[in-house]
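From the sequence below, what's the structure:
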Amino acid sequence: MEGNSQVVTGSGRNMHKGLTRVRLAWWLSSVPAIILVGCSLFGLGGGPKERALILKFVAADKLNFDGTSANPVQVAVFVLSATERFKGGRVEMFFDDDFDRAYLAEFAQDTVAKWMFTIKPGQTESRTLRYKLGPSAPKRVYLGVIGDFFRPSEDGRQRAIHTLRNTKTERLTITMGENYIESVTR
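Okay, here's the model as predicted:
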């Protein structure tokens, strides 16, 4: 019986088939666990995914011009899951938490992340912003930028929306004119 040994019980049943089933069951139960551990180690799992935005703000020399001089402007930057409430809200709402609490509570449902900055006239500055997208986050997210200008332009250009790519890091340039956001470009 060399090379092909079999275990036979006292009742005459072959134990080799039972051991093969046990090995197969063990193998089938361990493979999904190994895949799950591997995916989570290499960022392929369903956990939150960290993203980075590298934003370069380029401000005009007459930024936030009030008729006599240029002034710094407060800018709010959002990562959004939807844009409708961002488009519909009054500018003051995004800078004053007491302005319209009910609207802000609804807007918070669309907000993945938020940052506030003061941008100075004639300067260029870069900011690295980090945020996390959970497993239930939408496939498409947006960058919303809004400025609290003294005299906002008549055409509503004090805010801009840009669709973000599904990448770990994205670099964007935000160009700010006298009293408006001129562009958001890659």
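
So residue 107: helix, strand or coil?
Following DSSP: H, G, I helix; E, B strand; the rest coil, the label given to residue 107 is helix.

ok, for it, nearest residue in space, not its chain neighbours?
residue 85 (4.7 Å; CB to CB, 6 or more residues apart in numbering). Just so you know, the C-beta spots here come from the backbone N, C-alpha and C atoms, and that holds for glycine as well.

now do residue 73
Leaving out its chain neighbours, the residue that sits closest to residue 73 by CB to CB, 6+ apart is residue 64, at 4.1 Å.

you'd agree residue 120 is up against residue 59?
Yes. The criterion here is CB atoms under 8 Å, and residue 120 meets it with residue 59 at 6.5 Å.

Which one of those two is surrounded by more residues?
residue 59 (24 against 15; other CB atoms under 10 Å).

Spit out the contact partners of that one.
Contacts for residue 59 (CB atoms under 8 Å, 6 or more residues apart in numbering) come out as 73, 119, 120, 121, 122, 123, 124, 176.

just residue 161 next, same as before
If you count contacts by CB under 8 Å, 6+ apart, residue 161 has them with 80, 83, 86, 87, 142, 143, 144, 145.

The residue nearest to residue 73: which element?
Following DSSP states H and E, there is no helix or strand that holds residue 64.

State the distance from it to residue 76.
Distance from residue 64 to residue 76, counting by CB to CB, to the nearest Å: 14 Å.

Looking at these two, which has the bigger crowd around it?
residue 64 (24 against 18).

Verify the stated contact: that one with residue 149.
Yes. Using CB under 8 Å, residue 64 is in contact with residue 149, at 5.4 Å.

Common neighbours of the two, please.
In contact with both residue 64 and residue 149: 73, 179, using CB under 8 Å, 6+ apart.

which regions of the chain lie under the pLDDT threshold?
1-46 (pLDDT under 70).

so where do the helices sit in this protein?
Secondary structure of the chain (DSSP state H): helices located at 16-41, 84-88, 101-108.

Run through the neighbouring helices and strands of the last one.
By that I understand helix 101-108. helix 84-88 (3 or more CB pairs under 8 Å, 6 or more residues apart in numbering; DSSP states H and E).

which residues are contacting the helix it packs on?
So helix 84-88 is contacted by 78, 80, 103, 106, 107, 110, 142, 144, 146, 159, 161 (CB under 8 Å, 6+ apart).
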